[in-house]
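Peer 1: Predicted model and sequence below, questions to follow.
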Amino acid sequence: MIKKNLKYIILVLLIAVMLVTFTHGYLKTGKVVKVTATIEEATVGGHTIPHVTDINAGADRIKLIRYPTKDLPPNFPGVYVHVICASNRIEHWTSVPYTGPGTYNITAGLRFMPPDGTKVRVIVAVTDEKGNRIAMNTTDAVI
């Protein structure tokens with residue numbers, strides 16, 4: 001009887017711990033930088049060259065359960081984002097595959113949280129299949 005009750009108590013405690021953990025990650029949010037970049041292409045000397053023509057960046061909050069918490073492998077060719085604060089890169093490596101001209105939406109998780117209202121530099125770059133930077137543009141954002 002005691003063993004049966006002990007198993008029941010342990011099972012209930014495990015379920016409670018899992019519920020608390022899930023609820024914490026689902027309800028809590030973390031600050032991210034959301035970037036929308038427009039990339040156009042031009043032909044110069046028979047070569048197609050991308051050009052980052054427009055960048056919109058700003059702070060947003062997403063649920064911790066979906067928060068990007070580590071560097072992701074780079075995409076080559078790819079579009080990547082760096083967030084610079086006080087001369088330091090503060091984002092986790094974030095990139096998406098480059099598929100040609102269009103609008104790219106990238107969400108960058110932050111390694112550390114600067115105070116609200118901090119001005120940062122957002123860099124959007126395009127790399128070729130060898131990882132060489134072939135286009136870049138920057139903007140400032142307040143996060």
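Peer 2: That came through fine.

Peer 1: Any idea what the spatially most central residue of the chain is bridged to?
Peer 2: By Cα atoms, centre = their mean, the chain has its centre lying nearest to residue 108, at 2.1 Å. Taking DSSP bridges as the rule, residue 108 bridges to residue 33.

Peer 1: One more: residue 37?
Peer 2: With DSSP bridges as the rule, residue 37 is bridged to residue 55, residue 104.

Peer 1: before we move on, what SS does residue 71 have?
Peer 2: For residue 71, the assignment made with DSSP: H, G, I helix; E, B strand; the rest coil gives coil.

Peer 1: tell me the contacts of it?
Peer 2: Contact analysis of residue 71 by Cβ atoms under 8 Å, 6 or more residues apart in numbering lists 92-93. Where C-beta positions appear, they are placed from N, C-alpha and C, glycine not excepted.

Peer 1: Just to check, the residue nearest to the centre of the chain is in contact with residue 89?
Peer 2: No. Using Cβ atoms under 8 Å, residue 108 is not in contact with residue 89, being 10.3 Å away.
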